[in-house]
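K.L.:
Below are the sequence and a predicted model for it; my questions follow.
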Amino acid sequence: MSKKVIYKITYPNGKIYIGKDLTNSINYFGSASSELIAKDFTHDQRQCFSITREILFESDDASIVNKLESEYILKYQSNNPTVGYNQWPKFKCDQ
């Protein structure tokens, strides 16, 4: 049985995306908005770049991973548009 994970994607501009993967697929990089990310990169910057995927938490229990995903988003503030690309939970300035 594969582990279920919470991961952090880091883009070349330093912004992050936190997500979960219940299959721990090596080829899964989340469902962040492509349009939102594209706005932060010029044509030239899009020609060649690297991103990293770091596992922050893993478990055999999907319900734990489902519960903790939003906690990690809030902990890393990846829902803050100046920090990351998560659009949920909605960022509040007083976070």
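P.N.:
Structure's in. What do you need?
K.L.:
What are the buried residues along the helix ranked longest in the chain?
P.N.:
Ranked by residue count under DSSP state H, the longest helix found in the chain is helix 62-76. Buried residues in helix 62-76, counted by 16 or more other Cβ atoms under 10 Å: 65, 68, 69, 72, 73, 74, 76. Just so you know, the C-beta spots here come from the backbone N, C-alpha and C atoms, and that holds for glycine as well.
K.L.:
ok, now which ones touch the third one?
P.N.:
It stands for residue 69. Contacts for residue 69 (Cβ atoms under 8 Å, 6 or more residues apart in numbering) come out as 6, 18, 19, 20.
K.L.:
okay, the residues you listed in TSV with distance to residue 43 and neighbour count next?
P.N.:
Output for these, formatted as TSV (distance: Cβ to Cβ, whole Å; neighbours: other Cβ atoms under 10 Å):
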residue	distance to residue 43	neighbour count
6	33	22
18	28	25
19	27	22
20	32	21
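K.L.:
From those, which land in strands?
P.N.:
Per DSSP state E, strands hold the following members of the contacts of residue 69: 6, 18, 19, 20.
K.L.:
so which of those residues comes closest to residue 80?
P.N.:
Closest to residue 80 out of the ones in strands among the contacts of residue 69 is residue 18 (11.5 Å), distances taken as Cβ to Cβ.
K.L.:
Which strand residues bridge the closest one?
P.N.:
Beta bridges link residue 18 to residue 8, judged by DSSP bridges.
K.L.:
so how far is residue 11 from it?
P.N.:
Residue 18 sits 12 Å away from residue 11, going by Cβ to Cβ, to the nearest Å.
K.L.:
now swap in residue 28 and tell me
P.N.:
Taken as Cβ to Cβ, the spacing of residue 28 relative to residue 11 amounts to 16 Å.
K.L.:
go on, residue 53?
P.N.:
Counting by Cβ to Cβ, the gap from residue 53 to residue 11 is 11 Å.
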